[in-house]
Structures are given as structure tokens and as C-alpha cells.
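Asks: need the 3D shape of this:
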Amino acid sequence: MVAVTADVAAQLLSRPSSNDHETLGVLLAGLRRSLAHEAIDDELYDDLEAVLGEHAHPAPGEIVDIAGRFREATTTLVQFVPHLMSPYPLDEIQCLIQVSAEHPRPDGAHGHLRRFALAVLALLDLMGDDGW
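Replies: Numbers count the residues shown, from 1 in each chain. Sure, this is the predicted structure:
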């Protein structure tokens, strides 16, 4: 993330800008992609590796933390995927929302986290790096 000083922000905001629909559409699409990319950061991939990797065996405390980060990513993805992908990945989004809403007992938390990670990964695979 980049910090912008008040002086620079004032200069940028005082410049003339376009308000035609085409330009605003391009800017809005770029903003949506940027916000979605914020949800898909290195930490998310590290969490997927911690859950699905070859030597994955997260501790109980890690399971709670990772599930929380997956829920945060889910919220962002559900908001922006409809604007970024065509056709809309209905099955993958429904699965992700359903798994995100589950709060299993401690004895089922590890299995739930694996299902959650797989649901996140399925959507990320559809999105791909160049698909949006």
C-alpha cells in the first residue's frame, strides 16, 4: 500500500477529470480489481499452503486464525467477483458462502478448514491471474 500526503492528494483531486460513462466504467473496473487483489494477498496463499500443503497440520489456534482470514477474504470476493468474472461462478460462490457460514465444533474444525481452503482455491483457480 502507498501513502499519499495531503498536499499530493489535494493536487490530484484538483485536476480536471472526466465524468463520461466509459471513463468511469474503466476506473470502476480497475478499482474493483484492485480491491479484490487486496483480499488475495500472499498471506492468503500462505494460509492455503498451511492447510493444503504437503506437510500441512495447523495447530488449533492457527485453525481459528486461518478460518477468520478465509472469512474476510470470502466477504471481499463475494462483493467483487460478480463484477470481475463472466460467466458468474455460481456453484463456487455458493459453496464458498456455505462453508464460510459454518462454525464447527473443535473436533471438526480441521476438516472444515480443509473444505474451506478447497472452496477458496476453487474460486481462485477459476479467476486465474490473467482472467480478471
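Asks: next one: phi and psi at H55?
Replies: phi -110, psi 30 (degrees, to the nearest 10).
Asks: for it, grab the count of nearby residues.
Replies: 6 (other CB atoms under 10 Å). From N, CA and C alone the C-beta is placed, and that goes for glycine too.
Asks: do D125 as well
Replies: 11.
Asks: what residues sit buried inside the strand or helix carrying it?
Replies: According to DSSP states H and E, D125 maps onto helix 109-127. Judged by neighbour count using 16 or more other CB atoms under 10 Å, the buried positions of helix 109-127 are 109, 112-113, 115-117, 119-124, 126-127.
Asks: for this structure, which segments count as helices?
Replies: Here the chain has its helices, by DSSP state H, at 6-14, 21-39, 42-52, 60-84, 90-101, 109-127.
Asks: and among those, the most buried is which?
Replies: Of all the helices of the chain, helix 109-127 has the most neighbours on average by mean count of other CB atoms under 10 Å, namely a mean of 18.
Asks: please name every helix or strand in contact with that helix.
Replies: Packing partners of helix 109-127 (3 or more CB pairs under 8 Å, 6 or more residues apart in numbering; DSSP states H and E): helix 42-52, helix 60-84, helix 90-101.
Asks: residues in contact with that helix: which ones?
Replies: 40, 44, 47-48, 51-52, 58, 60, 63-64, 66-67, 70, 73-74, 77, 81, 84-85, 89, 92-93, 95-96, 99-100, 102, 104 (CB atoms under 8 Å, 6 or more residues apart in numbering).
Asks: export stretch 57-64 to CSV, keeping only CA atoms.
Replies: Listed next in CSV are the C-alpha coordinates belonging to stretch 57-64 (Å, rounded to 0.1, in the frame of the first residue of the first chain):
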residue,chain,number,x,y,z
HIS,A,57,-1.0,-29.7,10.0
PRO,A,58,-2.1,-26.4,11.5
ALA,A,59,-2.4,-26.2,15.3
PRO,A,60,-5.8,-25.5,16.9
GLY,A,61,-5.0,-21.8,17.4
GLU,A,62,-3.9,-21.5,13.8
ILE,A,63,-7.1,-23.1,12.6
VAL,A,64,-9.2,-20.3,14.2
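Asks: what about that stretch, average pLDDT?
Replies: For stretch 57-64, the mean pLDDT works out to 91.
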